[in-house]
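# Curious how this folds, go ahead:
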Amino acid sequence: MSKFLQNYIMGFIITLLLISCNDEKIKPQVDLTMEEENLPIQESWNSKILFTENGKLKGILYTDYLETYKKPKEKLLKNVKVEFYNDTGVKTSQLTSKRGKIDDATQDMYAIDSVVATNDSAKVKLESDELMWRKKDEKIVSDKFVRITTETEVIEGYGLVSDQNIENYVIKNVTYQTTTSSAKK
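From the prediction side, this is the model:
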């Protein structure tokens, strides 16, 4: 290789090094649209929360993912399962949904998307897109479409008030009702 070509390549490499070694600092971009209030103050995976009253177990909530927010004071849940217990500690009913929410001020729980609530002893199945469990009176309520299936009938309609065991319920606007084949025997 000729001396001229060697000097040219060496000059080119030195020029590249000088250009790449400048003092200008690269500043990371900051997303100014994110506000602290919109970020969860706590996150949890594969959580289990016990609900008690006067030392008695009332319910157990299981969730794959939980995030707690300061404003509004709430918890958002993904893949939810809640087991309800009576005063003697026996499991009476169960509720599952894809999403959920707990209002920390009232302790009301919302089940959202593909909601199924069952009472195995009464053989009742309740399906809806959204239900709310009110802590103050331990009622399950909804203003959405609901379907209740028992051994003897299927009832569909809009609006529901039920005890948490799904034993005593009222569908406000019934749109369909039929008896099942097991009721006709």
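
# unless I'm mixing things up, Val174 is touching Val154, no?
No - using C-beta atoms under 8 Å, Val174 and Val154 do not qualify as a contacting pair, with a distance of 11.0 Å. Placement of C-beta: from N, CA and C, glycine included.

# residue contacts, Asp120?
With contact taken as C-beta atoms under 8 Å, 6 or more residues apart in numbering, Asp120 is in contact with 93-94.

# what's the answer for Ser162, then?
For Ser162, the contacting residues are 126, 139-141, 168-170, by C-beta under 8 Å, 6+ apart.

# can you rerun that using 7 Å?
Applying C-beta atoms under 7 Å, 6 or more residues apart in numbering, we find Ser162 in contact with 139-140, 168-169.

# what does Leu160 give?
If you count contacts by C-beta under 7 Å, 6+ apart, Leu160 has them with 140-142, 146, 169, 171-172.

# The same query, at a cut-off of 10 Å, please.
Under the criterion of C-beta atoms under 10 Å, 6 or more residues apart in numbering, the contact list for Leu160 reads 126, 128, 131-132, 139-148, 166, 169-173.

# Tell me where this structure has helices.
Under the criterion DSSP state H, helices of the chain are mapped to 3-20.

# What separation do you get for Tyr8 and Ile14?
Shown here: Tyr8 relative to Ile14, a distance of 11 Å by C-beta to C-beta, to the nearest Å.

# Who are the contact partners of Asn79?
Applying C-beta under 10 Å, 6+ apart to Asn79 gives the contacts 46, 62-65, 96-100.

# got the residue ranges for the strands in this structure?
Under the criterion DSSP state E, the chain contains strands at 42-53, 56-69, 74-85, 91-103, 109-119, 124-134, 139-149, 153-163, 169-179.

# In JSON lines, list those strands along with mean pLDDT.
Written out in JSON lines, the entries for the strands of the chain read as follows (pLDDT from 0 to 100):
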{"stretch": "strand 42-53", "mean pLDDT": "92"}
{"stretch": "strand 56-69", "mean pLDDT": "93"}
{"stretch": "strand 74-85", "mean pLDDT": "94"}
{"stretch": "strand 91-103", "mean pLDDT": "94"}
{"stretch": "strand 109-119", "mean pLDDT": "95"}
{"stretch": "strand 124-134", "mean pLDDT": "95"}
{"stretch": "strand 139-149", "mean pLDDT": "95"}
{"stretch": "strand 153-163", "mean pLDDT": "95"}
{"stretch": "strand 169-179", "mean pLDDT": "94"}
